[in-house]
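> No letters, just coordinates:
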Ligand SMILES: [Cu+2]
């Protein structure tokens, strides 16, 4: 299980310099890693990814995949498990046929899609018994992003705290990913992280209150962290799960040398916009109450069918005593304000609905196909799902 230990894995420690366009070679720093196996690429250009009991390519987390926005990801999944599997690209607004197709043991499946949005995503197997099968997918912006370092930190699981090296006055892009089925709070000692993106989509930048942020299951948050402390400082990045106290997940380790620049960078501009709509038409929207956990329909009928381009507003109603996590496939949604139809200044693909609470979300159903609407009880392997049809 990946949900028990408050630990983390440093997935990519890279030195992405200002305006650098070359993709830095990602490094996985984790316990037990020795030499990195080289990427297996088939003659037709597909990156081969093997589903094995220990994880993708036998690694936990699986290999870091990285492409540029607008370019094609080509993955050949080979199922070496004794049971069927399916790979899911969490948060990517991808073509329907590429999302979660079942693959029998010994069989393979070719995934190929052009990533429409830049951001921090992840991939994982569908099915509660395959929790070890997950990894990070980064889609790089076409425009240069003014950061000195770009690091992905996979939360949850086992492993010692990792060191993230910085120089004074550098700006770090820290990509946090929560692959577990529990909520994780992250705080960075003596720094003022700025939230730049949530669930892979740019947000209006805002300061994390008290230097801490919470990620529900499946959520990702991109932070900008300015290294404002003195050379040779060690500052912990700590995580806490539901009942546990904070434990160090990583350390910002300041180099013993001159600052990278005389002062930290100015307030960051928002990350480049994605292709998500600026507006939504709420008049004429399809409105539906969805009690949680979602009851899987016995007759395989969809929860709803909606014409492509129509706005969908869902009231997610949790009358249980435990929080429920809801994940919409193939779309990003807005979280609506409690009192009116305004929305929060960010997008989500997964939302934690607290016990006894109702949250309302809205999205434009612009991605044709049959999509999963999945629900998980917080801290439990229990998952239910239904689906909706856009066409
Ligand atoms: Cu997903």
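Yep, that arrived. Being a predicted model, the structure only gives us computed values, none of them experimental.
> SS state for residue 210?
helix (DSSP: H, G, I helix; E, B strand; the rest coil).
> Grab the nearest non-local neighbour of it.
In this structure, residue 210 finds its nearest non-sequential neighbour in residue 187, 7.2 Å apart by Cβ to Cβ, 6 or more residues apart in numbering. Bear in mind the C-beta positions are built from the backbone N, C-alpha and C, glycine included.
> Make sure that neighbour is indeed in a strand.
Yes. Counting by three-state DSSP, residue 187 is found in a strand.
> Tell me who's in contact with it.
210-213, 237-238, 246 (Cβ atoms under 8 Å, 6 or more residues apart in numbering).
> can I get these in JSON lines with neighbour count and distance to residue 173?
Shown next, in JSON lines, are these (neighbours: other Cβ atoms under 10 Å; distance: Cβ to Cβ, whole Å):
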{"residue": "210", "neighbour count": "8", "distance to residue 173": "21"}
{"residue": "211", "neighbour count": "16", "distance to residue 173": "17"}
{"residue": "212", "neighbour count": "15", "distance to residue 173": "18"}
{"residue": "213", "neighbour count": "19", "distance to residue 173": "15"}
{"residue": "237", "neighbour count": "26", "distance to residue 173": "14"}
{"residue": "238", "neighbour count": "21", "distance to residue 173": "19"}
{"residue": "246", "neighbour count": "17", "distance to residue 173": "23"}
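> still on that earlier bit, distance of the residue nearest to residue 210 relative to residue 171?
Between residue 187 and residue 171 the distance is 19 Å, computed by Cβ to Cβ, to the nearest Å.
> So residue 380 sits against residue 217, correct?
No. Under the criterion of Cβ atoms under 8 Å, residue 380 makes no contact with residue 217, lying 10.5 Å away.
> neighbour count winner among those two?
residue 217 (25 against 14; other Cβ atoms under 10 Å).
> Give me the spatial nearest neighbour of that one, chain neighbours excluded.
Closest residue to residue 217 apart from its sequence neighbours, by Cβ to Cβ, 6+ apart: residue 325 at 4.5 Å.
> that's a strand at that neighbour, yeah?
Yes. According to three-state DSSP, residue 325 belongs to a strand.
> That one against residue 216, yeah?
Yes. Contact criterion Cβ under 8 Å: residue 325 and residue 216 qualify, at 5.6 Å.
> Residues that sit against both of those two, list them.
350-352, 378.
> of the residues you listed, the lowest pLDDT goes to which?
Of all the shared contacts of residue 325 and residue 216, residue 378 carries the smallest pLDDT score, 94.
> follow-up on the earlier one: among the shared contacts of residue 325 and residue 216, which one lies nearest to residue 106?
Closest approach to residue 106 among the shared contacts of residue 325 and residue 216 (Cβ to Cβ): residue 350, at 31.8 Å.
> How many neighbouring residues does that closest one have?
21.
> what about it, distance to residue 343?
With Cβ to Cβ as the criterion, residue 350 and residue 343 are 16 Å apart.
> Same question for residue 149.
Taking Cβ to Cβ, one finds residue 149 at 32 Å from residue 343.
> Then residue 91?
Distance, residue 91 to residue 343, by Cβ to Cβ: 18 Å.
> In the stretch 101-250 of the chain, where is pLDDT below threshold?
127-128, 158 (pLDDT under 70).
> And the strands in it?
Using DSSP state E, counting those that start in this stretch, the strands of the stretch 101-250 of the chain run over residues 102-103, 108-114, 119-125, 134-140, 149-155, 162-166, 171-177, 184-188, 194-198, 201-207, 212-215, 220-226, 234-240, 247-254.
> Residue 366 is nearest to which of those?
Nearest to residue 366, of all the strands of the stretch 101-250 of the chain, is strand 201-207, at 14.5 Å by Cβ to Cβ.
> Okay, buried residues for that closest one please.
By 16 or more other Cβ atoms under 10 Å, the buried positions in strand 201-207 come out as 201-203, 205.
> measure the nearest residue to residue 117 once chain neighbours are set aside to residue 389 for me?
Of all residues not flanking residue 117 in the chain, residue 274 sits nearest, at 4.1 Å (Cβ to Cβ, 6+ apart). Using Cβ to Cβ, one gets 24 Å for the distance from residue 274 to residue 389.
> out of the two, which sits in the busier spot?
More crowded of residue 274 and residue 389, by other Cβ under 10 Å: residue 274, with 19 against 16.
> SS state for that one?
Here residue 274 is coil, with the state taken from three-state DSSP.
> I figured it was touching residue 203, is that so?
No. The pair residue 274 / residue 203 is not scored as a contact, 10.9 Å apart, by Cβ under 8 Å.
> returning to what we had before: between residue 91 and residue 343, which one's more packed in?
Taking neighbours as other Cβ under 10 Å, residue 91 and residue 343 compare with residue 91 leading, 30 against 16.
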